[in-house]
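S.K.: With the sequence up front, the predicted model follows.
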Amino acid sequence: AKESPEKKAAGIYAASLVKDGDAVGLGTGSTVAYTIKELGRRVREENLNIVGVVTSYQSEMIAIDAGVPLTSLAETPRLNIAIDGADQFDENLFAIKGGGAAHTREKIVSMSADRFVVVSDPAKKAKTLSVFVPIEVMPFGRALVMQSLKDIGGDPTLRAAAKKDGPVITDNGNFVVDCTFGEIKDPKELAAKISQIPGVVEHGIFMNVDEVVIGNADGTVEIIK
Ligand code: DER
């Protein structure tokens, strides 16, 4: 992904929130990639003593390359802080995630942390959530899920892969259905409706964000809590 000063400012700032001895949830995507690389620098240059839990093959590769020591959620079930990106967030800090098809492990990791920090940029801030909701779906249940999403007013699309024929397959071996609902005035209600559909593994509506770090092009950040 091309350099983004906004994402870089947010990502590097979030790495400064990590303290010595922390267990850190490492999200997925181009913004949190800056955080992971900065944590690697702090490990090398400041002797920062941390362990990370990754949320995808992508974040695992970036963390290993950056030299961030890793652990598993099984070994380290409670995390001090989780840092991740988002596709959009509203003024109540509800967020939509899953643009990178990693939201299932991201949600598990973020819910395992005492503090969940989203790193973002001004383009993703919205008064009301309105981008499509990524939904991880068990292939066996695809048809039922697509129909059930239509029944609750959604317009679902099976996410096609870009460099592979056929659908995207997640790190967990499932499909991703991207579903638009127009303006999402009540994310909590929509989340409950989607969660009840058999075959849905996890949806990308996150209601556990503690703070959002918005990066600016000049390198400054704005914190929303
Ligand atoms: O897939 C995800 O949830 C990612 O965090 C994504 O939403 C943010 O990716 P970006 O930082 O590359 O915009």
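M.R.: Received the coordinates, thanks.

S.K.: Run through this protein and note the low-pLDDT ranges.
M.R.: 1 (pLDDT under 70).

S.K.: How far does stretch 15-22 stretch from one end to the other?
M.R.: The stretch stretch 15-22 measures 11 Å between its terminal residues, going by C-alpha to C-alpha, to the nearest Å.

S.K.: quick check, distance from the helix or strand containing Leu190 to the centre of its chain.
M.R.: Using DSSP states H and E, Leu190 maps to helix 187-195. Centroid displacement of helix 187-195 relative to its chain, using C-alpha atoms, centre = their mean, to the nearest Å, is 18 Å.

S.K.: list the helices and strands that helix packs on?
M.R.: When contacts are defined as 3 or more C-beta pairs under 8 Å, 6 or more residues apart in numbering; DSSP states H and E, helix 187-195 packs onto strand 133-137, strand 200-203, strand 205-206. Glycine gets a C-beta too; all of them are placed from N, C-alpha and C.

S.K.: one more time with 7 Å
M.R.: strand 200-203, strand 205-206 (3 or more C-beta pairs under 7 Å, 6 or more residues apart in numbering; DSSP states H and E).

S.K.: Can I take it that Val109 is in a helix?
M.R.: Yes. Assessed by DSSP: H, G, I helix; E, B strand; the rest coil, Val109 belongs to a helix.

S.K.: quick one: it and Ala82 touch, right?
M.R.: Yes. Applying C-beta atoms under 7 Å, one finds Val109 in contact with Ala82, separated by 5.3 Å.

S.K.: First-to-last residue distance for stretch 80-93?
M.R.: Length of stretch 80-93, first residue to last, C-alpha to C-alpha: 20 Å.

S.K.: And stretch 155-173, by the same measure?
M.R.: With C-alpha to C-alpha as the measure, stretch 155-173 spans 23 Å from end to end.

S.K.: Count the neighbours of the closest residue to Ile197 other than its chain neighbours for me.
M.R.: Once flanking residues are discounted, Ile197 sits nearest to Ser148: 4.4 Å by C-beta to C-beta, 6 or more residues apart in numbering. When neighbours are defined as other C-beta atoms under 10 Å, Ser148 has 19 of them.

S.K.: Pull out the buried residues from the helix or strand hosting Ser148.
M.R.: Using DSSP H and E, Ser148 sits within helix 142-151. Residues Arg142, Val145, Met146, Ser148, Leu149 are the ones in helix 142-151 that count as buried (16 or more other C-beta atoms under 10 Å).

S.K.: now do stretch 212-225
M.R.: For stretch 212-225, by 16+ other C-beta under 10 Å, it's Val212, Val213, Ile214, Gly215, Val221.

S.K.: Look up which residues are beta-bridged to the fourth one.
M.R.: The one in question is Gly215. Val221 (DSSP bridges).

S.K.: give the contact list for it.
M.R.: Glu6, Lys7, Lys8, Ala9, Ala10, Asp121, Val221 (C-beta atoms under 7 Å, 6 or more residues apart in numbering).
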